[in-house]
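Chemist: Next input, structure requested:
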Amino acid sequence: GQQLRSTPPLMEQLDQESKNGKDLLEYNLIEDDNYSTLVIEEGITEAILDLTVERTDLYADWFMHTRHYNYIGKKGDEHFIVSVATIPLEEYGGYRALYTDKRGYNEFSLEESDELSPPASILTQLIQLYPDCDVYRVHEEKEFAHDFYAVEHDNPQNGNCMKIGVICCRSGQEISDMFLNEPSEQFWDFMEIMGYEIDLDGWTRYRGDVGTGKTYFSEWKDMEIIYHLAPKLDSEGHRRLIGNDVLQIFFLEEGLLNANLISGLGTVPQIFSVVQPCGDNEYKVSFFNNKNVKSFGPALPLQTFDGATMKDLVLTKLRNGYSMTKKCPPLNRLFYLPRGDHINELVSNYPPSTPPEYKVKKKKEAKKIKKLLFASEESNDIKVKVIAAQDLAVKDKLTGTSDPYCCLYIGDQAYKTKAHKRKLDPFWHEEFFFDLDTVDIVFTDFVLQCYDWNRVGGSSFMGEVVIPLEVALRISEEITATDQQAWYRLKKDMSDSNVNGDILIEFGRIKREIGKKVKFANML
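Modeler: Residues are numbered from 1 along each chain as shown. Next comes the predicted model:
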């Protein structure tokens, strides 16, 4: 039979005796028989019940609603994806990052650089972390993010459905005897707490592999749960359904459960809950699991529970245990292979590419592109004022100066300032208006790039400022112009260009009367 162990406590036992003088074992439901492969979870006297469900769709939770970049890498024949949030977080000491491959997730952090812009800094660090892998940034950001989200959401490892075997049992019974039990009224009271009875004929929601007839169903948090009830199934259903349920509930009508006697269930069941009524709407609860499954929460308080709390505790523990089984043998391989195939298929649609370039247009063409914008005070626009720069890098060695100008980008809208000849501390004081109606803020940066103008040979890169658009919008909401202004350090890209200096930028919102015409100036 399979080897089992109880789920170990998640914190140290601080008090070996309960304050009311009751023996700790009073709350245990698993028979103490000196099993070499089974350790009884005694519970924690001082534990505070935590019913947090450990989320498995981390990409959706952490990244889909904030500015981030996605990178693809290949290690041997396996692809991986690294997602990096580009708004630094103090608790991470930089950028929050998530490594995803067929085995699951790994959270880590990347440093914010004083010299490199976020795109260059992140890519440089990833290349250093994975020196033998081909790592590149995905530039089709919105499309990839939604495709990646779909892969993760549809993956059974992250599904929002559970099927749970429920067996009515008594002390000393083996599985074959348990399947023959006629359940008591207390069993059906328990099931009414856990869910409600449904008729599967015409049922269009989650069925949990059940064909026809009646069973119990529950909508719990964001999940749909089907219960495979042993009393409602024949021997074939016991084998085909309950025997293939990773999660099991034993409703123990009396006595203690001898866990060695459940080996007849087979090797698929991994996580087990034992529930026993001990009064009017009052229950004891115990847990144990296959020894290969690593620890998972929540910790089990040493107490009895009312029906509603019992349900939340049991389902939370089973859900978290189910998530853990996907990372542990023997079930992990059942999820690695299809997950790896889905990631490889996704990656094949996004080969290495270059970001789009927006070239300077001729004056006549630029005039045709300029728009007249009619907007109210609630207009979805942002105003960017490029005020000045200081201590810029010297690009013309003969004069010891530069001819700086700036290009500004939000999405496919691009503008430029005038070039100032032979200046290292230029003063522009130029305003630009960006229409955000068609811009997806989550997937967009504000980018300012400074160049040295050259009559021959093209402009030379002098540094860039990259700010998530959502951050720029927050700054633009500040009350005073002083709060909206800041000096931003010019940073390097992946080239070897000499970069130095700072740019003074002001972000603001547009407040205009209906019908007032506002020109977009100096569009590229």
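Chemist: For stretch 113-127, the averaged confidence score.
Modeler: Looking at stretch 113-127 alone, the average pLDDT works out to 95.
Chemist: For it, which outside residues touch it?
Modeler: Residues from elsewhere that reach stretch 113-127, judged by C-beta atoms under 8 Å, 6 or more residues apart in numbering: 69, 71, 73, 82, 84, 86, 95, 110-112, 135, 137, 464-466, 489, 491-494, 499. For every residue, glycine as well, the C-beta is placed using N, CA and C.
Chemist: at 7 Å what do you get?
Modeler: With C-beta atoms under 7 Å, 6 or more residues apart in numbering as the test, stretch 113-127 has contacts from 69, 71, 82, 84, 86, 95, 110-111, 135, 137, 464, 466, 491-494.
Chemist: Identify the farthest-apart pair in these.
Modeler: Using C-beta to C-beta, the contacts of stretch 113-127 reach their maximum pairwise distance at 82 and 464, which is 21.9 Å.
Chemist: So which residues of this protein form helices?
Modeler: Listed in chain order, the helices of the chain (DSSP state H) span residues 58-62, 118-129, 141-154, 175-178, 185-194, 235-240, 307-325, 332-348, 363-369, 469-476, 481-484.
Chemist: And these: which comes nearest residue 266?
Modeler: Residue 266 sits nearest to helix 235-240 of all these, at 8.5 Å, using C-beta to C-beta.
Chemist: now that closest one, how far from the chain's geometric center?
Modeler: Here the centre of mass of C-alpha atoms in helix 235-240, compared against the chain's by C-alpha atoms, centre = their mean, to the nearest Å, lies 37 Å away.
Chemist: How about stretch 444-460?
Modeler: Offset of stretch 444-460 from its chain centre (C-alpha atoms, centre = their mean): 36 Å.
Chemist: Alpha carbons of that stretch, as CSV, please.
Modeler: The C-alpha trace of stretch 444-460 is given here as CSV (Å, rounded to 0.1, in the frame of the first residue of the first chain):
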residue,chain,number,x,y,z
THR,A,444,2.7,50.9,-22.2
ASP,A,445,5.7,52.9,-21.0
PHE,A,446,6.5,56.6,-21.4
VAL,A,447,9.9,56.7,-23.1
LEU,A,448,12.1,59.7,-23.6
GLN,A,449,15.3,59.3,-25.5
CYS,A,450,17.9,62.0,-25.9
TYR,A,451,20.1,62.2,-29.0
ASP,A,452,22.9,64.3,-30.3
TRP,A,453,22.0,65.8,-33.7
ASN,A,454,24.5,65.2,-36.5
ARG,A,455,24.3,66.6,-40.0
VAL,A,456,26.1,63.6,-41.3
GLY,A,457,26.0,60.0,-40.1
GLY,A,458,22.8,60.0,-38.0
SER,A,459,22.1,61.0,-34.5
SER,A,460,24.0,59.6,-31.5
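Chemist: average pLDDT for it?
Modeler: Per-residue scores along stretch 444-460 average to 92.
Chemist: Could you shift the numbering so residue one becomes 381, and keep it that way?
Modeler: Yes, from this point I'll number from 381; that puts the last item at stretch 824-840.
Chemist: Please, a PyMOL command that selects the buried ones among the contacts of stretch 493-507?
Modeler: Restricted to buried positions by 16 or more other C-beta atoms under 10 Å, the PyMOL selection for those reads:
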select buried, resi 449+451+462+464+466+475+490+515+517+844+846+871+872+873
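Chemist: wait, which of the contacts of stretch 493-507 is closest to residue 826?
Modeler: Using C-beta to C-beta, residue 846 comes nearest to residue 826 of the contacts of stretch 493-507, at 7.6 Å.
Chemist: for the closest one, which residues make a bridge with it?
Modeler: For residue 846, the beta-bridge partners are residue 827 (DSSP bridges).
Chemist: and stretch 506-523, which residues are buried?
Modeler: Under 16+ other C-beta under 10 Å, the buried positions of stretch 506-523 are 506-507, 510, 513, 515-518, 521.
Chemist: do stretch 817-826 as well
Modeler: 819, 821-826.
Chemist: Roughly how far does the spatially most central residue of the chain sit from residue 485?
Modeler: The residue lying closest to the centre of the chain (C-alpha atoms, centre = their mean) is residue 438, at 2.0 Å. Distance, residue 438 to residue 485, by C-beta to C-beta, to the nearest Å: 5 Å.
Chemist: quick revisit: for the buried residues of stretch 506-523, give me JSON lines that also has distance to residue 662.
Modeler: As requested, the buried residues of stretch 506-523 are exported to JSON lines (distance: C-beta to C-beta, whole Å):
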{"residue": "506", "distance to residue 662": "54"}
{"residue": "507", "distance to residue 662": "59"}
{"residue": "510", "distance to residue 662": "54"}
{"residue": "513", "distance to residue 662": "56"}
{"residue": "515", "distance to residue 662": "56"}
{"residue": "516", "distance to residue 662": "59"}
{"residue": "517", "distance to residue 662": "57"}
{"residue": "518", "distance to residue 662": "54"}
{"residue": "521", "distance to residue 662": "53"}
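Chemist: how about the residue of the chain most remote from its centre, what does it touch?
Modeler: The C-alpha centroid of the chain is most remote from residue 778, which lies 53.1 Å away (C-alpha atoms, centre = their mean). Shown in contact with residue 778 (C-beta under 7 Å, 6+ apart): no residues.
Chemist: pLDDT at it, what is it?
Modeler: 89.
Chemist: Dihedrals phi and psi, it?
Modeler: phi -70, psi -40 (degrees, to the nearest 10).
Chemist: before we move on, what about residue 802?
Modeler: phi 50, psi 50.
Chemist: and it, what does it touch?
Modeler: 779, 781, 783.
Chemist: OK, contacts around the second one?
Modeler: Residue 781 makes contact with 774, 802-804, according to C-beta under 7 Å, 6+ apart.
Chemist: go again using 6 Å as the cut-off
Modeler: Contacts of residue 781 were listed using C-beta atoms under 6 Å, 6 or more residues apart in numbering, and they are 802, 804.
Chemist: which residues does it bridge with?
Modeler: Beta-bridge partners of residue 781, counted by DSSP bridges, are residue 776.
Chemist: follow-up on the earlier one: ranking the helices of the chain by burial, who's on top?
Modeler: By mean neighbour count, with neighbours taken as mean count of other C-beta atoms under 10 Å, helix 687-705 ranks first of the helices of the chain at a mean of 21.
Chemist: tell me the angle it makes with helix 712-728.
Modeler: 70 degrees (axes from the mean of the first three to the mean of the last three C-alpha atoms, to 10 degrees).
Chemist: Tell me what angle helix 687-705 forms with helix 565-574.
Modeler: 70 degrees.
Chemist: what's in contact with helix 687-705?
Modeler: Helix 687-705 is touched from outside by 431, 433-434, 436, 573-574, 600, 626-627, 650-651, 653, 661, 663, 667, 673-674, 676-677, 711, with contacts defined as C-beta under 6 Å, 6+ apart.
Chemist: just the buried members of those?
Modeler: Among the contacts of helix 687-705, those buried by neighbour count (16+ other C-beta under 10 Å) are 433, 436, 573-574, 600, 626-627, 650-651, 653, 663, 667, 673, 676-677, 711.
Chemist: So, low pLDDT: which residues of the stretch 681-830 of the chain?
Modeler: For the stretch 681-830 of the chain, the stretches with pLDDT under 70 are 738-760.
Chemist: hmm, 50 instead?
Modeler: Where the stretch 681-830 of the chain drops to pLDDT under 50, the residues are 741-757.
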